[in-house]
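Engineer: Here's a sequence, model it:
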Amino acid sequence: MVAWAGLDFITSDGGQLLQDGRPFRFVLGNAYYLADEIGQGHPEHAIEALDAAVTLGMRVVRTWAFNDAPDKTSRMQDDLAAPYEPGLAALDRVVAEAGRRNLKLILPLCNYWPAYGGIAQWLAWRGTPVADADREHPERYAARFYGDPQLRHAYAARVRQLATRKNTITGVRYGDDATILAWELMNEPRDAPDDWIAFAAAALRSHCAQLVGLGDEAARDSPDLDLASLHFYPEKHGGAGDEERFGCAAITQAARRATRPLVVGEFGLRHDGLPLAARQQAYAAWFGCAAEERVAGMGPWLLGYRARPPDWDEGFTFYAGGDYDGTFRDAVALFS
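Structural biologist: I've put the predicted structure just below:
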């Protein structure tokens, strides 16, 4: 990965992330909804979330750079080839507002899951729709998406379209914008074949200067990627009853297996599960394990704004000025 002259890109020496030649480590905030809120006429919600990330000392925000839901006014595409300008303009503002706050962004480019359209919508646009009974089970149709030549062509075109877009606010081409730390090929692309990863990464690199990750849950190590990615939720992934140990084991195993900088892009415990003190203790332990293992970055799901009810997003939402402030600020100190 080569930094482009004169721009403050985050780079990698293969084992760690660097900013101006010095190690770069971070706590991140997940706020997938930023462009969606702006595109639906609520920019104040996105602004509040970005300000909350700054308040908590987070240096990076992970948010969707896709919206394939045909019924949303915030959508970014009308079909496999046609961009929807109002939705893309909303993403322009997300990037601009993050840059103003000296925040970096991680931008996934597509969704494995049907939220915001996902690969199910791509298959519908292709003319091979997914049965309603299968829609919530992408494992039943993902192979069709990964292997379809027309959808690969459409993916490459989408990447080119976004990477070469000039932000209408900043005037900076997306592929040249140092506000973007990294792109993720997809959000949680389970069972993505090696040849699809190689194809998608190459399509992105031909237009972008930033780092490339897969965005998966399992810290897959690939020569085509700059980053490894881990997501874990003990209550959903078999760790209920031993949450703290489960999370530390997941982090340690992934960090020692990966040959590239590891970003723990998502983790969380539900508000209606363990008592608050136990959740705070588990989060602190996980951040401690990640710091010891020299994990590059790590962030919980999900950073909210005050008008966003805490039971949305499966009960994982937290806020600045809330229950985890001390935990996250301690984590920022560990990662500094």
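
Engineer: Let me know how buried G21 is, in neighbour terms.
Structural biologist: When counting by other CB atoms under 10 Å, one arrives at 9 neighbours for G21. Just so you know, the C-beta spots here come from the backbone N, C-alpha and C atoms, and that holds for glycine as well.

Engineer: phi, psi of it?
Structural biologist: With angles defined as degrees, to the nearest 10, G21 sits at phi 80, psi 0.

Engineer: Residue numbering should commence at 37 henceforth.
Structural biologist: Let's use 37 as the start, then, which means that last one is G57.

Engineer: Tell me which residue lies farthest from the centre of the protein.
Structural biologist: Computed with CA atoms, centre = their mean, the residue of the chain farthest from its C-alpha average is G163, at 28.3 Å.

Engineer: What pLDDT does the model give it?
Structural biologist: On pLDDT, G163 comes in at 98.

Engineer: Can you tell me how far it is from A88?
Structural biologist: Going from G163 to A88 by CB to CB, to the nearest Å gives 42 Å.

Engineer: now swap in H243 and tell me
Structural biologist: 32 Å.

Engineer: end to end, how far does stretch 49-65 reach?
Structural biologist: Stretch 49-65 has an end-to-end distance of 24 Å (CA to CA, to the nearest Å).

Engineer: Could you do stretch 199-216 as well?
Structural biologist: Using CA to CA, the two ends of stretch 199-216 sit 11 Å apart.

Engineer: So which bits of that stretch are buried?
Structural biologist: Buried residues in stretch 199-216, counted by 16 or more other CB atoms under 10 Å: 199, 201, 203, 206, 208, 210-216.

Engineer: In helices, which of the residues you listed fall?
Structural biologist: Counted as lying in helices by DSSP state H, out of these, are A199.

Engineer: Sitting in strands, which of the buried residues of stretch 199-216 do you find?
Structural biologist: Here DSSP state E is the test, and those give I216 as lying in strands.

Engineer: Who has more neighbours out of H243 and A88?
Structural biologist: Remark: of H243 and A88, A88 carries more neighbours, 22 against 17, as counted by other CB under 10 Å.

Engineer: Not counting whatever helix or strand the more buried one lives in itself, show me its contacts.
Structural biologist: Assigned by DSSP states H and E, A88 belongs to helix 79-91. With contacts defined as CB atoms under 8 Å, 6 or more residues apart in numbering, helix 79-91 is touched by 65, 67, 69-71, 73-74, 97, 129-130, 133-134, 137, 139, 339-344, 355-357.

Engineer: now swap in stretch 359-372 and tell me
Structural biologist: Residues contacting stretch 359-372 (CB under 8 Å, 6+ apart): 61-63, 92-94, 312, 315-316, 319-320, 323-324, 327, 333-334, 336, 354.

Engineer: That stretch: which residues count as buried?
Structural biologist: For stretch 359-372, a neighbour-count test (16+ other CB under 10 Å) marks 360, 363-364, 366-368, 370-371 as buried.

Engineer: Take the residues you listed and lay them out in a markdown table including secondary structure, pLDDT and distance to L187.
Structural biologist: Compiled in a markdown table, those are given as follows (DSSP: H, G, I helix; E, B strand; the rest coil; pLDDT from 0 to 100; distance: CB to CB, whole Å):
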| residue | secondary structure | pLDDT | distance to L187 |
| --- | --- | --- | --- |
| Y360 | coil | 98 | 39 |
| T363 | helix | 98 | 41 |
| F364 | helix | 98 | 39 |
| D366 | helix | 98 | 44 |
| A367 | helix | 98 | 39 |
| V368 | helix | 98 | 40 |
| L370 | helix | 96 | 42 |
| F371 | helix | 96 | 38 |
